[in-house]
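Chemist: Structure, please.
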Amino acid sequence: MDTHALRAALLDWYDAHGRTLAWRASPGALAPDPYRVWLSEVMLQQTTTPHATPYFQTFTARWPTVSDLAAAADSDVMAAWAGLGYYARARNLLACARAVAGDHGGVFPDTEAGLLALPGVGAYTAAAVAAIAFGRAANVVDGNVERVMARLFAVGTPLPAAKPELRRLAGSLVADDRPGDWAQALMDLGATVCRPGRPLCELCPLTSWCAGFRSGAPERYPLKTRKAERPHRTGTAWVLRDDRGRVALVRRPDKGLLGGMTGLPTSEWSATAFDASPPVAADWRDAGAVEHVFTHFSLTLSVRAATGAGDFLWTDPDEALRSLPTVFRKALERGLV
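Modeler: Numbering: from 1, shown residues only. Below you'll find the model as predicted:
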């Protein structure tokens, strides 16, 4: 394989067709602010670009530097994160920002090793920031890049077992020339052309080198091991309002799912049926149920509603609907009907 020609073809394609994103510098331009690169990569780990973009814009308008974010109240950041999921990531975001501000004078380390030493920064994020923000020849491999490698080399090992091989293949194409643009070009190719399902091979600059294309069935790559069925859990959420119409909220324990977040009072979420005790005695009514899917399980929450009093975080319903994680917002909307 002529690696030099392949890289030139993809970088030329990126110069002409690279996506314009809120956190990205134009191809060949000066490297973007490391804070913006890091923030965007953390947000994008579990969501799509269209979903993450307004969150990114809100964060950077409210906290324009890493030191601004480091000084923010935990509750403000967690509320702004609501809807992005994986709230442990928001806690790690704050821990990392405070480490950069407190231990590094508000300046991100400019090497993979230095970035990896920061709280909550894993191998992918360290490589992405090193390449995109600091021009390091780092091997940046996300799901899009894995898919491109699997098709380019027609890798016969199914995921997830193929991950080390796909990483090695991606690393074989990394060079000192425009490493940030190279990383983003591969990600853009996977996101817009070498897509899941039907790839748009007629628009791809790499078909001359692509073993998957030559096979006649590039869409079969990457091969995947059949996933186990997602387990299902059930629980109860209580929507309690006081005589002023405010909603009773609680702060969840720091450890565990949605840790540290504000939410509705709920029972345990269990795979087996059990009788759940409400948080206070009241005339509870059945308000239906809501469904929600987490990464590792699906959830059915029965919703009960009542009027009452107690030691809660009493919150205006509109404010609660804006700030609650998605699963609690669904339950609150049901309980307010």
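
Chemist: Do you have the helices of the stretch 51-200 of the chain handy? List them.
Modeler: 66-70, 74-81, 87-103, 112-116, 123-134, 143-152, 163-171, 179-192 (DSSP state H, counting those that start in this stretch).

Chemist: For Thr272, find the nearest of these.
Modeler: helix 87-103 (25.7 Å; CB to CB). For glycine as for every other residue, the C-beta is placed from the backbone atoms N, C-alpha and C.

Chemist: Show me what that closest one is in contact with.
Modeler: 38-39, 42, 45-46, 66-67, 69-72, 74, 77-78, 81, 84, 106-108, 118-121, 258-261, 325 (CB atoms under 8 Å, 6 or more residues apart in numbering).

Chemist: can you list the weak-confidence ranges in the stretch 1-150 of the chain?
Modeler: 28, 86 (pLDDT under 70).

Chemist: Name the residue most distant from the centre of this protein?
Modeler: Ranked by distance from the centre of the chain (CA atoms, centre = their mean), the top residue is Asp283, with 40.0 Å.

Chemist: what sits against the residue nearest to it when sequence neighbours are not counted?
Modeler: Closest residue in space to Asp283, ignoring its immediate chain neighbours: Ala306 at 5.6 Å, by CB to CB, 6 or more residues apart in numbering. For Ala306, the contacting residues are Trp238, Val239, Leu240, Arg241, Pro278, Ala282, Asp283, Trp284, Arg285, by CB under 8 Å, 6+ apart.

Chemist: Which SSE is immediately downstream of the helix or strand containing Ala306?
Modeler: Using DSSP states H and E, Ala306 sits within strand 298-307. Proceeding N to C from strand 298-307, the next assigned helix or strand is strand 313-315, under DSSP H and E.

Chemist: Now do that next one: which elements does it pack against?
Modeler: Here strand 313-315 touches strand 247-251, going by 3 or more CB pairs under 8 Å, 6 or more residues apart in numbering; DSSP states H and E.

Chemist: If we use 10 Å, what do you get?
Modeler: If you count contacts as 3 or more CB pairs under 10 Å, 6 or more residues apart in numbering; DSSP states H and E, strand 313-315 packs onto strand 247-251, strand 262-263, helix 317-323.

Chemist: what are the pairing partners of that strand, and which direction each?
Modeler: strand 247-251 (antiparallel) (DSSP bridges).

Chemist: Please state the offset of the strand it pairs with from the chain centre?
Modeler: 26 Å (CA atoms, centre = their mean, to the nearest Å).

Chemist: tally of neighbours for Asp311?
Modeler: 9 (other CB atoms under 10 Å).

Chemist: please begin residue numbering at 42 from this point
Modeler: All right, first residue 42 from here; so that's Asp352.

Chemist: Quick check: the gap between it and Asp283.
Modeler: 12 Å (CB to CB, to the nearest Å).

Chemist: shared neighbours, the two?
Modeler: Ala289 (CB atoms under 10 Å, 6 or more residues apart in numbering).

Chemist: sorry, back to before: I'd like to know which of the helices of the stretch 92-241 of the chain lies nearest to Ala330.
Modeler: Per CB to CB, nearest to Ala330 of these: helix 128-144, 23.2 Å.

Chemist: Restrict that closest one to CA atoms and write it as CSV.
Modeler: In CSV, the C-alpha atoms belonging to helix 128-144 read as follows (Å, rounded to 0.1, in the frame of the first residue of the first chain):
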residue,chain,number,x,y,z
TYR,A,128,-22.8,12.1,34.8
ALA,A,129,-19.5,10.6,36.1
ARG,A,130,-18.0,12.2,33.0
ALA,A,131,-19.2,15.6,34.2
ARG,A,132,-17.6,15.0,37.5
ASN,A,133,-14.4,14.0,35.8
LEU,A,134,-14.7,17.1,33.6
LEU,A,135,-14.6,19.3,36.7
ALA,A,136,-11.8,17.3,38.3
CYS,A,137,-9.7,17.7,35.1
ALA,A,138,-10.4,21.4,34.8
ARG,A,139,-9.4,22.0,38.4
ALA,A,140,-6.2,20.0,37.9
VAL,A,141,-5.3,22.0,34.8
ALA,A,142,-6.1,25.3,36.6
GLY,A,143,-4.5,24.4,39.9
ASP,A,144,-1.5,22.3,38.9
